[in-house]
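Student: Any chance you can model this:
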Amino acid sequence: WNANGYVPAQLSAWSRYYLGWEEAVVIDEATENLSLNHFLDHQSTEPRLYKIPISDMEYFLIENRQQNPDGSMAPSSADNLSELWPSYSFKLLPDGEQDYYDEGQLIPYFNFSKNRYTGCEWDFFLPGYGLDPSTDGSGILIWHIDENVIAEKFTPNFDLNRVNSYAPHKGVDLEEADGYQNLDTSVMSEYKYGGPYDSFRAGNNDYFGDSVHNG
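Tutor: Residues are numbered from 1 along each chain as shown. Model prediction:
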């Protein structure tokens, strides 16, 4: 869960694939000029998950995660209406039932006993917003999946669930775009549980593959 345990994160690409929530479109090295939609857009028919086979038991899953897909903005606080920040979107209750941070100001407050998570921006509280400077961590996430490890260390009833217990060889491993294996080390850092630079995107690392360096 994100936001100090208040907001559930969207399931990873493999979890959705395993549960049958998403169909993965298989692509290879000859495929180009693809569109990849984000999970919350159910109006589009564009794929939301790609699969690149490595072998019979290994493959990459590619997904598009967006922290604020509707681009909503709101005042940073009820006392500062001029400074706008990205806004967490959720379905408002009918007039007279929705709580607001300050009466008279249109800054809705998510009441955990009344509001529901249906239609929420599940990824809004993933690493990025709230940092100094605030960073949009949206982008392409690439997961390396090893079904050999999963078969050895996981059972569907969760009696055995050690898929990622061995950091050097996980069953479901995020390829961190910044090249730092923060998720695979015991060394503490601000990105120990993920950071805004783990996604592939323009302005960060936008290339995944073999590199050849001169000199």
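
Student: where exactly do the helices run in the protein?
Tutor: Taking DSSP state H, the helices of the chain run over residues 13-19, 147-153.

Student: Which one of those helices lies nearest to residue 180?
Tutor: Minimum separation from residue 180 across the helices of the chain (Cβ to Cβ) falls at helix 13-19, 20.7 Å. All C-beta atoms are positioned from the backbone trio N, CA, C, and that covers glycine.

Student: Contact partners for the spatially most central residue of the chain?
Tutor: Nearest to the mean C-alpha position of the chain, counting by Cα atoms, centre = their mean, stands residue 65 at 4.6 Å. Residue 65 makes contact with 10, 38, 39, 123, 126, 137, 138, 139, 140, 141, 199 under the criterion Cβ atoms under 8 Å, 6 or more residues apart in numbering.

Student: how about 6 Å then?
Tutor: By Cβ atoms under 6 Å, 6 or more residues apart in numbering, the residues touching residue 65 are 123, 141.

Student: cool, and residue 204?
Tutor: By Cβ under 6 Å, 6+ apart, the contact set of residue 204 is 177, 197.

Student: got the phi/psi numbers for it?
Tutor: phi -120, psi -130 (degrees, to the nearest 10).

Student: quick one: it and residue 140, what's the gap?
Tutor: Distance of residue 204 to residue 140, computed by Cβ to Cβ, to the nearest Å: 10 Å.

Student: same deal with residue 159?
Tutor: From residue 159 to residue 140 the distance is 34 Å (Cβ to Cβ).

Student: between the two, which one's more packed in?
Tutor: Neighbour tally, residue 159 and residue 140, criterion other Cβ atoms under 10 Å: the higher count belongs to residue 140, 19 against 7.

Student: Contacts only, for that one.
Tutor: 64, 199, 200.

Student: Identify the residues contacting the first one.
Tutor: This points to residue 64. 36, 38, 140.

Student: which of these lies closest to residue 186?
Tutor: Relative to residue 186, and with distances defined as Cβ to Cβ, the nearest of those is residue 140, at 27.4 Å.

Student: Burial check on the nearest residue to that closest one once chain neighbours are set aside, number of neighbours?
Tutor: Spatially, and ignoring its direct neighbours in sequence, residue 140 is nearest to residue 200 (4.2 Å; Cβ to Cβ, 6 or more residues apart in numbering). Here the number of neighbours of residue 200 (other Cβ under 10 Å) works out to 20.

Student: Going forward, the N-terminal residue is numbered 584.
Tutor: Fine by me, first position is 584 from now on; the one you just mentioned is residue 783.
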